[in-house]
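> no FASTA, just this:
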């Protein structure tokens, strides 16, 4: 209180003195930018209501959005977390997950320090009999195993698999270089194929950017959303909610929204139009919308171009042979002729169950209420036809000219980081350069003809390949921020694999992977550690935030980045020099921050210290913009510098043609492989086109395991305060319930609240039935969250483990796991 | 003296429950017993079902029936219009829970919603019914703030430990103002779509008064005569406001 | 007049049973309450805040009012034929009130705090405040009155005035208890300005039932009753009781039909009340008792039936008014599922045990069959 008063009076003084007037206005206008510019660092961080309270900047860890947070610590206890007002994603606000942080920190089931397994038997019912060890023993054990493998020329049999990587300190500078330095293609297999690679590949195939998009929602007048559940689970969730309040409650004109999903959820409810679609058929809907846009002549002529004669020749069912001068797109009339001409709303109604008139209305609104954005995520692409669905949806953005436009979508720039303390290329020995690992495929067969040639990662394939010894068997596997034993499709396959190999888990929580582990190297939780995180694609301009520890680690834990450095230091050969130079995570951060000295952020961050103080560095604007079919680059004042076609190709539309490709050259580059593995029509295979999804299982109900708003990267399962709020729309309170339509309940003879059995080809689980009109009669929705057989006292034994009955089928192009494509039967348990 | 009140814009509310989790964090609430809930209702049939929700804090009524029934005056109204419970006077008769038309009160000693009971994990001592390591520094039983003792009733206190420190004469506790942010109730401060506003209802120039006027703020269950100091905006204009809220009309 | 001649086996048996019930219920209830606090109850903030212990309280507190009414027939309204049961009723009105408060005390969060917090803070608009005051005043007046008649002073003006004052406070207390529910506009199942009257009417029924039951138990049957008692028990008492009960059955019927007929939000709970077999058990018990009373047969059985029937009625009233959630959305079912816990049932046993043990004790030691000599 006293400190705050001092701060306020200090600011008033400065305002009076003149120096602070402008900045003082900025305080009110932009949520706190002013303080730091005026005051010294220590004072600003101490601005709280209680003089014993310390507020420090960090980054939320409950989703990939990376919101800046203010962490309130009083007398050594963290008791509150609010959004960082100076952080452009958080803006002082929070989503429901942000406020769970203290429960995660003080989770009574956390690991208290490094441990090793003493029970050689592994399995669900085996107590690992962990005994505490020193950190030195822990690191040395890992390094010894790695060194031994390397001595045998089998370094590829060491794997390091990770899920939510954050930035340079845990992945970029520590984990990723280890693959090169040590020599294993299996270091750094990420979880992206179980995350959202379907959208990454859809973008890569069409506009050449292997990335998620950045979105300018605030300037959009129309949003068409496919299976992204904007208001429950789409990142950056907190900012999405802020955007929603603005575009729906304040912006003039109000932004119109149509949302597509397989059940009534908060996004659909809050939108102007809800389209409850048959699972896996989003692509058909998008194709029909494209069909209407073309037949009604609503495409953006500035971006797409026009028929040479200025007439519209797109007529349903009729091929086009008139010349069409495309401007920034490639293959429109070909696409029409091989696919779109027959994709009428009536046809789509038969596929999607969405009435044709609603499709027409949606298409007209979307194409005439510009700027308009079509966005999609897992709901649309977690199917065998996922990339095709994604390409079809993303093509709508091209048709209405939203790419790189104000109120449209673009991609993300990286932060102006300084160089890392060391360069791995300076520390490669002969083995690293030419060892046998150079000639072996990755265990997940990513990028391999027998596997997934286009995929980014194929973590879900690891146990299958290992167990079949194709291409080989792993010896030692280490996990960071992922628990595939629980969350992978056909999750139980991991148990078989991990029983055979030496397992190192770094989670601070006693998850299923940890229960299969031989060594536990517990990471510090997010409120206890240093870390950097460049933003996920947000609004395009670069953004990098920093975690600073709110308190010292409660237990004997070590930040994962430091664990890797310590292991690296113990490796044979020059790799150890590299890691010795890194020193520790904090040192890496200091080096990264050097980049800000030459490129100060908009909030004045120009050093490590100011980065720590503000919690974020960012620099607006996004440098490129498309205006009515012309591309411009930022020149420091405005988007004034016209871009040549070559510039656009190099920086924005990174396809072979330098245009948005309805006809994908990227897919064409591996034409034979695609045709062989997918059996697709050679005439259509590289166009967005309709293909029936290959549903797994033979049941009569689509099995959709959605993500709920309260899902905090898996931690919610052991937080009673989150469990109680987990499934608000359907009322799942003690555990999530299976949303089932009354017609199903009636046919199968069960009622609301009954226990039901859900059967797939892989097995069966039980769930509490919520008989509700929220979900389609042909679909059962059971959010993933529970069904843990470990993970803590509240998680264990609660609810249903959905991933144990989801087949491991992936989109052959993207490698995206088909989580939402199962078909199951239900019966009263 | 201010008469603190809240405005909740249902047109902006996304039903995300950040208000509830911010509340449980700030007030160290037990699982499922947040001082404020978001309530969800389903009506209609596929393919056109309705999903509706509305957030429901304590209404801090002008005529609080909970206060009138309390035999010991443990429930009272402050000069600045907030309905509070003095835990030192509460005898735990729960008549207030019976008499509240809005169902926003909690009795300490009840079965845990989620087992194992977290109160047994973080056991209380002395006056505290439990003692989580993440509890806030504030403990003020006279105003029903902090960890509640056994045998008493608790409820939303508009984050009294925050708002009571606001500078006198403040029209609106606006979280976007860095000078006021620490005095803003947790649910209002965090609300990402900015569906919540907190200010002085007695000040005709406050933003809350302006919003109630411009957007025809309505009050929940107005027919009970409790006269809530929480107003809802339905985006429906004057016509919507003319319809008194009832239990049947769930979103307003 | 009959004096201590009876002291029959029934009284001793009831006393022993009451004592056993007291010990068992206290042991179990205390064990559960000490270990788990009020989580030993199945009440919850999500719905039923007032559970079976409050039902017990309402039942016995109103029974106390009813017994005072029965006693007043002779002592205040001068019907001398009712004198033979008057002292018993006065004693029992005290004992049942203690039984009711015992259950309530175990239910309150801070029963001892109540003792100072209510008087020191007196919320003048709170029904519970006044109810507490009236019952407390009655307790004093009732004890004074009992001491007077125990000392043989039945008819002095002082004694009569104390009796009248006791009757008035009991009626105000019972009525205030009715107001505690009847004033709840937000709970239509309870709401209504006639609830106090309904409470007093039903109070008279349970009071009458207890009076009849303990009188029968005291003597072991009509054959053992002294003439004035037998005359009363075979004459005006069952007739008056039948008339009262018949009227009450009608009122319950009207309440039910209004509850089922009206669309007012909150009254849907009547569907559930009527769908429960207990409602029909109650109906069968009360109607059956009505016919037994009309025929002046098996009065003790009739009394037990009335006690059982009205216990169900109190349960349906107190619990039913809370079963329909106020604003809980998808989190809770349309109707709250509430079943009393073992601990709660133990408080019911406790209250009945106190009532019967206390009565038997009085019967043994306090000459409850005494009546004025004239």
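Perfect, thanks for sending it. This is a predicted model, so every value here is computed, not measured. Numbers count the residues shown, from 1 in each chain, chains lettered A, B, ... in the order given.

> please make it C-alpha for all contacts and neighbour counts, starting now.
OK.

> could you point out the longest helix in chain C?
The longest helix of chain C (DSSP state H) is helix C:9-36.

> quick one: buried residues of that helix?
C:10-12, C:14-16, C:18-19, C:21-22, C:24-26, C:29-30, C:32-33 (16 or more other CA atoms under 10 Å in any protein chain shown).

> from the stretch 401-550 of chain A, which residue is nearest to chain C?
residue A:487 (27.0 Å; CA to the nearest CA).

> check contacts around that residue.
Shown in contact with residue A:487 (CA atoms under 8 Å, 6 or more residues apart in numbering or on different chains): residue A:803.

> any stretches of the chain with poor pLDDT?
Here I'm looking at chain A. For chain A, applying pLDDT under 70 flags the ranges A:1-49.

> that's the wrong chain, I wanted chain B
Confidence mapping of chain B against pLDDT under 70 gives the ranges B:236-252.

> the spatially most central residue of it and residue B:186, how far apart?
Centroid-nearest residue in chain B, with CA atoms, centre = their mean: residue B:57, separated by 2.7 Å. Relative to residue B:186, residue B:57 is positioned 12 Å away (CA to CA, to the nearest Å).

> how about the residues of chain A by chain C?
A:728, A:729, A:730, A:731, A:732, A:733 (CA under 8 Å from any CA of the partner chain).

> not counting its neighbours along the chain, what's nearest the third one?
Ranked by CA to CA, 6 or more residues apart in numbering or on different chains and with sequence neighbours excluded, the top spatial neighbour of residue A:730 is residue C:330, at 5.9 Å.

> and for the fifth one?
Of all residues beyond its chain neighbours, the one nearest residue A:732 is residue A:726 (6.5 Å), with distances taken as CA to CA, 6+ apart.

> residue A:708 is in contact with the one you found, correct?
Yes. With contact defined as CA atoms under 8 Å, residue A:726 counts as touching residue A:708 (6.9 Å).

> how about the residues of the stretch 101-250 of chain B by chain C?
Contact residues, the stretch 101-250 of chain B versus chain C (CA under 8 Å from any CA): B:101-103, B:105-107, B:109-112, B:150-152, B:224, B:247-248.

> quick one: which of those residues is nearest residue A:129?
Using CA to CA, residue B:112 is the member of those that lies nearest residue A:129, at 31.0 Å.

> just the helices in the stretch 51-200 of chain C please.
Remark: helices assigned in the stretch 51-200 of chain C by DSSP state H, counting those that start in this stretch are C:52-75, C:86-107, C:111-121, C:127-150, C:157-182, C:195-219.

> I'd like to know how many residues surround the residue lying closest to residue C:15 once chain neighbours are set aside.
For residue C:15, ignoring the flanking residues on the chain, the nearest one in space by CA to CA, 6+ apart is residue C:357 at 4.8 Å. Counted with other CA atoms under 10 Å in any protein chain shown, the neighbours of residue C:357 add up to 25.

> report all helices and strands that the strand or helix carrying residue C:357 contacts.
Element membership for residue C:357 (DSSP states H and E) is helix C:342-365. When contacts are defined as 3 or more CA pairs under 8 Å, 6 or more residues apart in numbering or on different chains; DSSP states H and E, helix C:342-365 packs onto helix C:9-36, helix C:52-75, helix C:86-107.

> which of the ones you listed has the lowest average pLDDT?
Among the helices and strands packed on helix C:342-365, helix C:9-36 has the lowest mean pLDDT, at a mean of 93.
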